[in-house]
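> No sequence on hand, only this structure:
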């Protein structure tokens, strides 16, 4: 990804934040496709650093090593022939590994380190390229793109988010339990909301959408309706 141009502030950004399992990844990709805009999966960057740290057998308590890892890890994105986003970590396709709960837990722990967040901030802002960007994450509207003209905060009940994640992982052949996923989601919610730097919270000017019980297409249309007629 090339560096953002000097006048990138004129390029529109739609931020879609929310907790794990709120549907922000799926919704963001579909909205980006409909708009013809670029897409940033910010969570993949943190997961990528977590995977790289695991490959290097780093201790998640070794802050200095994790910060170095955040600076040194090479992260790339490409679409496969089916249109699915693939994530490359140090030139290796790590897409499937990034989706594991282990990678998610590592990402959450790493994301609580201010120096790691600072190391990844410029990488995320470089995705702001014409004709526009849909950025999904937890602090897109509050920290990374506070000037974004369009901001959404998705949420859903913890039970529904656990059920969605359960189905997603079972479909991929991953052995998980619904109770275990619910506990992990509640624990991650608490970590994300209580961390000192960039805690998970809606931007003051974000439109909140509760996706509990709503179909994907319905939520996509609600998000698109927030933007000017195209």
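Cool, got the structure. Everything numeric in this text was worked out from a predicted model, so none of it was measured. Residues are numbered from 1 along each chain as shown.
> can we go C-alpha only for contacts and neighbour counts from here?
Fine.
> Tell me which stretches of this structure form strands.
With strands called from DSSP state E, the chain shows them at 13-17, 38-41, 75-79, 85-89, 92-93, 133-137, 150-155, 207-210.
> winner for burial among these?
Using mean count of other C-alpha atoms under 10 Å, the stretch among those with the largest mean neighbour count is strand 13-17, at a mean of 29.
> could the strands of the chain go into TSV alongside distance to residue 227?
TSV is the format used below for the strands of the chain (distance: least, C-alpha to C-alpha, whole Å):
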stretch	distance to residue 227
strand 13-17	9
strand 38-41	16
strand 75-79	26
strand 85-89	24
strand 92-93	34
strand 133-137	12
strand 150-155	7
strand 207-210	12
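> Which one of the ones you listed lies nearest to residue 223?
Distances from residue 223 to each of those were compared using C-alpha to C-alpha; the minimum, 7.5 Å, belongs to strand 150-155.
> Identify all contacting residues around that closest one.
Contacts of strand 150-155 with the rest of the structure, by C-alpha atoms under 8 Å, 6 or more residues apart in numbering, involve 12-19, 22-24, 141, 202-203, 205-212, 223, 226-227.
> Swap in 6 Å and give it another go.
With C-alpha atoms under 6 Å, 6 or more residues apart in numbering as the contact definition, strand 150-155 has outside contacts at 14-18, 22, 202, 206-210.
> what about it, average pLDDT?
What strand 150-155 shows for mean pLDDT is 97.
> relative to strand 133-137, how tilted is that strand?
Going by axes from the mean of the first three to the mean of the last three C-alpha atoms, to 10 degrees, strand 150-155 is angled at 30 degrees with respect to strand 133-137.
> Check which helices and strands the lowest-mean-pLDDT helix or strand in the chain sits against.
Within the chain, confidence by mean pLDDT, DSSP states H and E is lowest for helix 101-111 among all helices and strands, at a mean of 83. Judged by 3 or more C-alpha pairs under 6 Å, 6 or more residues apart in numbering; DSSP states H and E, the packing partners of helix 101-111 are helix 42-55.
> Distance-wise, check residue 191 relative to residue 51.
Going from residue 191 to residue 51 by C-alpha to C-alpha, to the nearest Å gives 19 Å.
> More neighbours: these two, which one.
The neighbour comparison of residue 191 against residue 51 (other C-alpha atoms under 10 Å) goes to residue 51, with 23 against 17.
> How about the more buried one, nearest residue that isn't a chain neighbour?
residue 103 (6.2 Å; C-alpha to C-alpha, 6 or more residues apart in numbering).
> Likewise for residue 186?
Once chain neighbours are set aside, the closest to residue 186 by C-alpha to C-alpha, 6+ apart is residue 158, at 7.0 Å.
> Quick check: mean pLDDT of the longest helix along the chain?
Secondary structure assigned by DSSP state H gives helix 178-194 as the longest helix of the chain. In this model, helix 178-194 has an average pLDDT of 90.
> What residues are bridge-paired with the closest residue to residue 22 other than its chain neighbours?
Nearest non-adjacent residue to residue 22, counting by C-alpha to C-alpha, 6+ apart: residue 155, 5.0 Å away. Beta-bridge pairing for residue 155 (DSSP bridges): residue 210.
> and the gap between residue 155 and residue 169?
Using C-alpha to C-alpha, one gets 20 Å for the distance from residue 155 to residue 169.
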